[in-house]
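1. Next one to model:
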Amino acid sequence: MSLEQEVELIRRFPIFSKIAPAKQKLLCFSSERLTYAAGQEIFHAGDVGDACYVVIDGTVEISIDRPNGRLVLSLLGRNELIGEIAIFGHVPRTATAAAKTRLEVLKISKELFYSVIRENPDAAIELIRILSERLANTTAHVAKLSDPAGA
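-> Next up, the predicted model:
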């Protein structure tokens, strides 16, 4: 894929759509495009967070291990960001991410992602929106699991 095609791909991600073209090119040049087979782990809960990932194509299952089995927290797809909590929260990975289907992602180093967020208020606002939406979805999921009626 040419650099121009990569830049066009980056522009499709809401978090990177409004950043300067030069920064979009730097993201393409400095990021790693990876492919995972269905069932393959991207990262495991407890791992060090050294990068985040943007889903190009496929589905990712986010889960946690519990004494009575694995609990799936969410399924994420195209244009979704994963792994950002560990890099911004300075904590180990809070969940496991595994490919549910064949998966293609863009791996962005912690340092590069920090740089993008620091220099681009629109990207920072989009990151806050993503994190807020995730927290709301997780809260609703936990509330549903806690409902004794099973609603």
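
2. Run through this structure and note the low-pLDDT ranges.
-> By pLDDT under 70, the weakly predicted segments of the chain are 1, 149-151.

3. let's see it at 80
-> In the predicted model, the chain carries pLDDT under 80 at residues 1-3, 5, 141-142, 145-151.

4. Looking only at the longest helix along it, what residues are buried by neighbour count?
-> For the chain, the longest helix by residue count, based on DSSP state H, is helix 121-146. Buried residues in helix 121-146, counted by 16 or more other CB atoms under 10 Å: Ala123, Glu126, Leu127, Arg134. Every residue, glycine included, has its C-beta placed from N, CA and C.

5. Run the chain-centre distance for it.
-> Centroid separation between helix 121-146 and its chain, computed with CA atoms, centre = their mean, to the nearest Å, is 12 Å.

6. Could you dump the buried residues of helix 121-146 into CSV and include distance to Leu9?
-> Listed next are the buried residues of helix 121-146 as CSV, based on distance: CB to CB, whole Å:
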residue, distance to Leu9
Ala123, 16
Glu126, 17
Leu127, 19
Arg134, 23
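
7. Of these, which is the nearest to Ile85?
-> Set against Ile85, the nearest of the buried residues of helix 121-146 by CB to CB is Arg134 (8.1 Å).

8. Tell me how many other residues surround the nearest residue to the closest one once chain neighbours are set aside.
-> Distances taken as CB to CB, 6 or more residues apart in numbering place Ser74 nearest to Arg134, at 7.7 Å, with adjacent residues excluded. By other CB atoms under 10 Å, the residues close to Ser74 number 16.

9. Which strand or helix spans Ser74?
-> In this structure, Ser74 is located in strand 69-76 according to DSSP states H and E.

10. can you give me the strands in this structure?
-> Counting by DSSP state E, one finds strands in the chain at the ranges 32-36, 41-43, 51-57, 60-66, 69-76, 81-82, 96-99, 103-109.

11. In TSV: those, plus distance to Ala140.
-> TSV is the format used below for the strands of the chain (distance: least, CB to CB, whole Å):
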stretch	distance to Ala140
strand 32-36	28
strand 41-43	24
strand 51-57	22
strand 60-66	15
strand 69-76	11
strand 81-82	19
strand 96-99	20
strand 103-109	25
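
12. Tell me what angle the strand holding Ser74 forms with strand 60-66.
-> Interaxial angle of strand 69-76 relative to strand 60-66 (axes from the mean of the first three to the mean of the last three CA atoms, to 10 degrees): 160 degrees.
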